[in-house]
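Visitor: Need a 3D model of the sequence below.
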Amino acid sequence: MGIRAVLLLVVSVSLTEAAGCIPTTSPWCYKNSTLPEEDFMCKWDKRNPKENQTHTLFIWDSEKKTFIMFANSGDHSEKYILLEELITTRKMDIWVQTQVGNLTCNSSKISVILECLVKYSAPQITSMKRSAGILSLTLGKPKDRKGVKYEIRWRERGSEWQNATFETEDSTIQDSYKLHLQKQTIYQIQLRRQAKLQPHLCKDSLQTLWSDWSPVRDVPLEIRLPLVKCWVEKKWMNGTRHINLTWDEPSAEESVGGVEYKLNINVWPCEKPKRKEKLTLDRAYKTSITYSEARISIIATNKVGSSPPVEIIIPAVKHLSTPIKGPGNVNISNVTHESAVVSWLSIPVAEQRGFLLHYLIWISGQGNTTLHKVQANETSFKIKNLHPGASYTVSIAGETMAGKGPNSTVNFETHSEEMGLSWQDQTILSVCVVALLCTIICSVAVRRGSRRNQYISAAP
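Guide: Just a heads-up that it's a prediction; the model follows:
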């Protein structure tokens, strides 16, 4: 009891007016969520300009008339307190004692139930969508996933704040809220939140804590109209052309808070169209594309939504020139007495000199020439209805709108019929062989039967 009396005497003596010792503000203590294992933090503001000052945090159980804790924080203005060192469900008196040299002074004390002191982090706006005068907000939940009470405030720039409150439920993935705004007005918004505490324990608490306000967010108008676009095509070289693309910025009311642009670039024709996506903050973009048709869509995105897409079609280069080279590595395979397969390598884009429409294939032999057209993305063709044991010449050229390019040529000979029969011929031959065998067998049987009858008739 003697130690308690001394401590009570120490903390009850106020030397606030003593020269050289100025007390701190009253401490404010809280935990960051309603989770039962959450520890506490106590903070205060220094008011003493002198150096070499130390601070001690006192926690006094006013019901049991005993100290729960007195913790020295040195010259720091906060103290982290482990949960197991505290009693959180009874009212406690908390204050800070400052010592400067031989002088001490005490802050004003607060009387609180620690379990009721929950201060969430400031709300985080994860997304905003604005449409038809309604702003839809999506908010990240606190780490305990509990429903909370929110305060939201909004204003036109330079005007007074308007306030409203709303509550959310437990266990939802995210919190949400819809705010009605004037359609053609830009706004600023902020939110803060407060824990839903145990009503039987905290109903009389005067220390219910709001979080800090979230940063001020600008709310622009939604981007309604497609962007005006302009593109300039520069010199053609080595099968590519350079495109300089520019577009207009949305209105000032739609650009508040910044605008990002998304470009999708598709180039035809290919077996699989080549697609590229680009995000940029600039209002200009440079790229290189082939002579084929290209389509570029642009979407502008601000803090509350996206514009309708605008599409730019850059047509294929037509009538530029004819190919300067024929297909490469022309080869003949799978030769029979009546067919063969010709294959080749595509003409490189740089040597097509335009938009390649198709390949032309001439087959010459037996005094006739036939012409076939195949698609530009094909690299093989089966030649049919050939004569056995005959010589043929195959010529292949690429063709653009300007005309055909040089031929690539290859010669080959079909097999003779003796070297290989078609399945129809093989079937006919098999039937003939079987019929011949049956005839021979029947003839032998008839002869043997005839002889036997002769022997029988000649017997006495």
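Visitor: Identify the residues contacting residue 248.
Guide: 227, 228, 229, 283 (Cβ atoms under 8 Å, 6 or more residues apart in numbering). Using the backbone N, CA and C atoms, a C-beta is placed for each residue, glycine as well.
Visitor: distance of it from residue 303?
Guide: Taking Cβ to Cβ, to the nearest Å as the measure, residue 248 falls 19 Å from residue 303.
Visitor: Could you do residue 241 as well?
Guide: Distance from residue 241 to residue 303, by Cβ to Cβ: 36 Å.
Visitor: who does residue 139 bridge with?
Guide: Taking DSSP bridges as the rule, residue 139 bridges to residue 125, residue 175.
Visitor: tally of neighbours for it?
Guide: Counted with other Cβ atoms under 10 Å, the neighbours of residue 139 add up to 21.
Visitor: Tell me if I'm right that it and residue 191 touch.
Guide: Yes. If you go by Cβ atoms under 8 Å, residue 139 and residue 191 touch, sitting 7.1 Å apart.
Visitor: Could you please give me the overlap between the contact lists of those two?
Guide: 123, 125, 150.
Visitor: Turn those into TSV, columns for neighbour count and distance to residue 361.
Guide: Shown next, in TSV, are the shared contacts of residue 139 and residue 191 (neighbours: other Cβ atoms under 10 Å; distance: Cβ to Cβ, whole Å):
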residue	neighbour count	distance to residue 361
123	24	69
125	16	64
150	20	73
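Visitor: For this structure, give me the ranges with low pLDDT.
Guide: Scanning the chain for pLDDT under 70 picks out the ranges 1-19, 204-207, 235-239, 268-274, 318-320, 354-355, 418-427, 429, 442, 444-460.
Visitor: Repeat the analysis, applying 50 as the threshold.
Guide: 1-18, 271, 455-460 (pLDDT under 50).
Visitor: Let me see the ranges of the strands in the stretch 351-460 of the chain.
Guide: Ranges of strands in the stretch 351-460 of the chain, per DSSP state E, counting those that start in this stretch, are 358-365, 368-375, 380-383, 391-400, 403-404, 408-413.
Visitor: what do you get for the stretch 151-300 of the chain?
Guide: Using DSSP E, counting those that start in this stretch, strands in the stretch 151-300 of the chain cover 162-167, 174-180, 187-195, 217-219, 229-237, 240-247, 260-267, 274-280, 284-290, 294-302.
Visitor: mind checking how far the fourth one is from the chain centre?
Guide: Read that as strand 217-219. Relative to the chain's own centre, strand 217-219 is displaced by 24 Å; criterion: Cα atoms, centre = their mean, to the nearest Å.
Visitor: what pairs with that strand, and is each one parallel or antiparallel?
Guide: Sheet pairing for strand 217-219, assigned by DSSP bridges, gives strand 187-195 (antiparallel).
Visitor: quick one: the partner strand to strand 162-167, angle?
Guide: Relative orientation of strand 187-195 versus strand 162-167 (axes from the mean of the first three to the mean of the last three Cα atoms, to 10 degrees): 40 degrees.
Visitor: circling back to that earlier point, out of the strands of the stretch 351-460 of the chain, which is the most enclosed?
Guide: A comparison of the strands of the stretch 351-460 of the chain by mean neighbour count, using mean count of other Cβ atoms under 10 Å, puts strand 391-400 on top with a mean of 20.
Visitor: when you compare where that one runs with where strand 408-413 runs, what's the angle?
Guide: 160 degrees.
Visitor: helices and strands around strand 391-400, which ones?
Guide: Helices and strands touching strand 391-400, by 3 or more Cβ pairs under 8 Å, 6 or more residues apart in numbering; DSSP states H and E, are strand 328-333, strand 340-345, strand 358-365, strand 408-413.
Visitor: what sits up against the first one?
Guide: Strand 328-333 has contacts (Cβ under 8 Å, 6+ apart) with 340-345, 347, 394, 396, 408-410, 412.
Visitor: same thing with the second one?
Guide: Applying Cβ under 8 Å, 6+ apart, the external contacts of strand 340-345 come out as 327-334, 359, 361, 379-383, 386, 392, 394, 396, 408, 410, 412, 414.
Visitor: try 7 Å
Guide: Contact with strand 340-345 is made by 327-334, 379-383, 386, 394, 396, 408, 412, 414, as judged by Cβ atoms under 7 Å, 6 or more residues apart in numbering.
Visitor: can you check stretch 154-164 too?
Guide: 151, 152, 153, 179, 185, 186, 187, 188, 189.
Visitor: Return the set of buried residues in it.
Guide: Going by neighbour count (16 or more other Cβ atoms under 10 Å), the buried part of stretch 154-164 is residue 154.
Visitor: Can you give the distance from that stretch to the centre of its chain?
Guide: 35 Å.
Visitor: Do me a favour and get the end-to-end distance for that stretch?
Guide: 9 Å (Cα to Cα, to the nearest Å).
Visitor: Same check on stretch 119-136?
Guide: 25 Å.
Visitor: got it, and stretch 394-408?
Guide: For stretch 394-408, the end-to-end distance is 8 Å (Cα to Cα).
Visitor: contacting residues for residue 246?
Guide: Contacts of residue 246 (Cβ under 7 Å, 6+ apart): 230, 283, 284.
Visitor: Output these as JSON lines; include the columns neighbour count and distance to residue 41.
Guide: Shown next, in JSON lines, are the contacts of residue 246 (neighbours: other Cβ under 10 Å; distance: Cβ to Cβ, whole Å):
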{"residue": "230", "neighbour count": "11", "distance to residue 41": "57"}
{"residue": "283", "neighbour count": "15", "distance to residue 41": "47"}
{"residue": "284", "neighbour count": "11", "distance to residue 41": "50"}
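Visitor: List just the nearest of these to residue 317.
Guide: Minimum distance to residue 317 across the contacts of residue 246 is 19.6 Å, recorded for residue 230 (Cβ to Cβ).
Visitor: Which residue, neighbours along the chain excluded, lies closest to the closest one?
Guide: residue 246 (5.1 Å; Cβ to Cβ, 6 or more residues apart in numbering).
Visitor: What of residue 337?
Guide: residue 388 (3.9 Å).
Visitor: residues touching the one you found, list them.
Guide: Contacts for residue 388 were tallied using Cβ under 7 Å, 6+ apart; they are 337, 338, 414, 415, 416, 417.
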